[in-house]
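1. fold the following and give me the result.
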Amino acid sequence: MALFGALTLLNLLLTLGIIRRLRQRPATGSATYPGVLPSGSPVGDFAARDLRQQPLSRADLDGRTLVGFFSPGCDACSEQLPAFVAAARSAAFGPQRSWAVVTGDAESASQYLPSLEPVARVVLQNEDDSLLSAFSVQAFPSFFVVDATGRVVAGGVAVDDLPVAAAA
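-> Modelled structure (predicted):
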């Protein structure tokens with residue numbers, strides 16, 4: 001009986017220690033993914049044009065903006081496309097506050113364009129990779145919510161990683 005009591009006390013002390021350490025850890029607001037710009041990071045400067053030849057720059061991040069990066073031939077990108085389209089259609093963002101960046105030319109990106117063009121400003125990045133550099137994109141797909149100051153609110157490799165519902 002004494003052994004059982006000692007083990008119970010030890011278990012309680014270890015549990016309290018773990019709880020204390022978890023409370024001391026800073027809350028980041030979202031998970032951090034390798035190859036994805038972390039929350040709070042500023043987006044770098046960039047200059048690009050969407051498919052309608054309208055310019056896009058960091059200054060255009062003047063409200064909460066959903067940004068998605070896709071690559072042709074990427075299975076995970078194709079899987080995330082419907083979730084991105086649904087988020088872009090939401091009242092939280094809409095077409096002016098949703099940007100879709102697709103690597104390659106129009107022919108290679110053609111699998112994404114019919115879904116993306118109605119709901120987002122679409123940018124093709126081939127030789128000029130200024131948007132990829134500005135967001136430090138190292139993995140596809142990558143998704144971000146950016147605030148009006150040009151800082152990442154959240155980033156991830158799936159649309160579900162983002163606080164999309166809270167973006168309104």
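2. okay, and the helix or strand of the protein with the least pLDDT?
-> None of the helices or strands of the chain scores lower by mean pLDDT, DSSP states H and E than helix 2-24, at a mean of 69.
3. check which element follows that one along the chain.
-> Using DSSP states H and E, the helix or strand that follows helix 2-24 in sequence is strand 47-49.
4. chain center to that following strand: distance?
-> 19 Å (Cα atoms, centre = their mean, to the nearest Å).
5. mean confidence (pLDDT) on that strand, please.
-> Strand 47-49 comes out with an average pLDDT of 93.
6. listing partners with orientation, what would you give for the helix or strand just after it?
-> Tracing the chain past strand 47-49, the next element assigned as helix or strand by DSSP H and E is strand 55-57. Here strand 55-57 has these sheet partners by DSSP bridges: strand 47-49 (antiparallel).
7. in the partner strand, what's buried?
-> residue 48 (16 or more other Cβ atoms under 10 Å). No exception for glycine: its C-beta is placed from N, CA and C like everyone else's.
8. just stretch 114-122 next, same as before
-> So for stretch 114-122, counting by 16+ other Cβ under 10 Å, buried means 115, 116, 119, 120, 121, 122.
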